[in-house]
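Asks: The sequence and its predicted three-dimensional model are supplied below.
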There are 2 protein chains.
Amino acid sequence: MFSVSEEDHLKAIFKIAEKEKKAVSTNSIAAYMNTAPASVTDMLKKLADKELIQYQKYKGVTLSATGSKVAIQLIRKHRLWEVFLVEKLKFSWEEVHEIAEQLEHIQSEDLVLRLEKYLEFPKFDPHGDPIPNMDGKFTLRSQWSVAELLPGHTGIILGVREHDKSFLLYLNDMKIKLGTSIKVLQKTAYDQSLRILIDGRFENLITKNVAHQLLVKKV
Amino acid sequence: MFSVSEEDHLKAIFKIAEKEKKAVSTNSIAAYMNTAPASVTDMLKKLADKELIQYQKYKGVTLSATGSKVAIQLIRKHRLWEVFLVEKLKFSWEEVHEIAEQLEHIQSEDLVLRLEKYLEFPKFDPHGDPIPNMDGKFTLRSQWSVAELLPGHTGIILGVREHDKSFLLYLNDMKIKLGTSIKVLQKTAYDQSLRILIDGRFENLITKNVAHQLLVKKV
DNA sequence: AAAAATATTTAGACAAATCTAAAATTAATT
DNA sequence: AATTAATTTTAGATTTGTCTAAATATTTTT
């Protein structure tokens, strides 16, 4: 139906639009995809011709209903494959992104549905990101970052904002994974770094930024 | 490492060479791949430059050691994914080829090894074709076609030579699958068509050609 | 509001993978 | 062995996705 490159661009636009709520700029797409802005412009023209995006020169883009659907379907496939890789093949959470990046482009509706069933309809991927259902609906849940927890309070890790491999490896070292409990012991007034208790066992110091990347439910 | 198209050409050469033992012709590759002979010539030059094949103009091609390794690795991945699709996702044997054709190009050595382990090191795929191991070695077993069975003798279906969807659907209708027992009741002298007993329950008539496609072990 | 900086697009080029039509080579047939 | 037929290659073109460098538009700063 659509080429890998077309799909990649649609996904990039979706992901950028998710964070910044305004129209997505050419440069932001180029930065996200590690390509030249001129290449993005070419692709935007093509996607606009196919009515996958709304595009006006110099004004940035937004996804059309169809474009959005394609992007969400890709995210759905990506996250389902990540669940498969971690749950079934026993990959670690920092290893699965690149492989899922390829698997998300495999074409077969039936495959996705059967995979989803086989995995018992997971609602979240190994990084805690929601997996959209067949109709593109994401499960919502209330979550806070550890940076928002008050000293003395505890949260259970639901997910991570940062997906960088080195960040995930750093969490592995600290024995932090999904389901881990984090108790905030102390907050430094100066730089908002935090002393935390991990699973009631390990004490550690994390920066404000790290705390911001860790998503928890309050307990 | 190699492009999808390069990989597809190497696999085609391997598959054709498997049947006809001489050097593989440009036209046979074009026919196999549904492309123009001129396109094949272009690709052969590229593969020869990369030392994946031995190629002399007008003389046909043979795979180099490296080319052969790449082709076998693709077949390995294809067949492992087919096992996954049938055993785990409950696809039927006639549905898996197209999907595996895409999955075989996913790049990750680790993925293949983990998948193989997860599937408990299968030696044959859902059509009974052998799955090469990590080192490219295929498991051999003695097998005959039903056409070779003498009347009164019985075989257990190990595999099929023909992979065409309509042929597999025809076998489904006849309740023939891997493991099914086939007893030859009668052979027609005129056209070598056979009356067979399927799993000791259903009697049916098959042509000589169909019998030739059915691979069994003698019991 | 003009100048400077930044962002975006256009123009033109290139590599990969394909094609058709014509030319060249090899194989088959009389 | 010469002619015909079949196969294969070459030449030249096309599409897709990318690039760099230059031109243009927009935004920010003075």
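Replies: Received it, and whenever you're ready, just let me know what you need.
Asks: which other helices and strands contact the helix ranked longest in chain A?
Replies: Longest helix of chain A, by residue count under DSSP state H: helix A:65-83. Under the contact criterion of 3 or more C-beta pairs under 8 Å, 6 or more residues apart in numbering or on different chains; DSSP states H and E, helix A:65-83 touches helix A:4-19, helix A:97-103, helix A:109-118. (Each C-beta comes from the backbone N, C-alpha and C, glycine too.)
Asks: tell me which parts of chain A are close to DNA strand D?
Replies: A:3-6, A:34-36, A:38-39, A:42-43, A:46, A:58 (C-beta under 7 Å from any atom of the strand).
Asks: Could you rerun that using 6 Å?
Replies: Within chain A, the positions near DNA strand D by C-beta under 6 Å from any atom of the strand are A:3, A:5-6, A:35-36, A:38-39, A:42-43, A:46, A:58.
Asks: coming back round to it: which among the helices and strands packed on helix A:65-83 is found nearest to DNA strand C?
Replies: When those are compared by C-beta to the nearest atom of the strand, helix A:4-19 sits nearest DNA strand C, at 11.2 Å.
Asks: tell me the mean pLDDT for the closest one?
Replies: Mean pLDDT, helix A:4-19: 97.
Asks: Centre of the chain to that helix, how far?
Replies: With C-alpha atoms, centre = their mean, to the nearest Å as the basis, helix A:4-19 stands 12 Å off its chain's centre.
Asks: so, in contact with chain B or not, it?
Replies: No: Helix A:4-19 is not in contact with chain B by C-beta under 8 Å from any C-beta of the partner chain; minimum separation 10.0 Å.
Asks: Is DNA strand C within reach of that helix?
Replies: No: Helix A:4-19 lies apart from DNA strand C when judged by C-beta under 6 Å from any atom of the strand; the minimum separation is 11.2 Å.
Asks: That helix versus helix B:4-19: what angle between them?
Replies: Going by axes from the mean of the first three to the mean of the last three C-alpha atoms, to 10 degrees, helix A:4-19 is angled at 140 degrees with respect to helix B:4-19.
Asks: could you check the angle helix A:65-83 makes with helix A:4-19?
Replies: Taking the same axes, to 10 degrees, one finds helix A:4-19 and helix A:65-83 inclined to each other by 90 degrees.
Asks: Okay, buried residues for helix A:4-19 please.
Replies: Residues of helix A:4-19 classed as buried: A:6-14, A:16-17 (neighbour count, 16 or more other C-beta atoms under 10 Å in any protein chain shown).
Asks: Include distance to residue B:141 when you put those residues into JSON lines, please.
Replies: JSON lines is the format used below for the buried residues of helix A:4-19 (distance: C-beta to C-beta, whole Å):
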{"residue": "A:6", "distance to residue B:141": "46"}
{"residue": "A:7", "distance to residue B:141": "42"}
{"residue": "A:8", "distance to residue B:141": "44"}
{"residue": "A:9", "distance to residue B:141": "49"}
{"residue": "A:10", "distance to residue B:141": "48"}
{"residue": "A:11", "distance to residue B:141": "46"}
{"residue": "A:12", "distance to residue B:141": "49"}
{"residue": "A:13", "distance to residue B:141": "53"}
{"residue": "A:14", "distance to residue B:141": "50"}
{"residue": "A:16", "distance to residue B:141": "55"}
{"residue": "A:17", "distance to residue B:141": "56"}
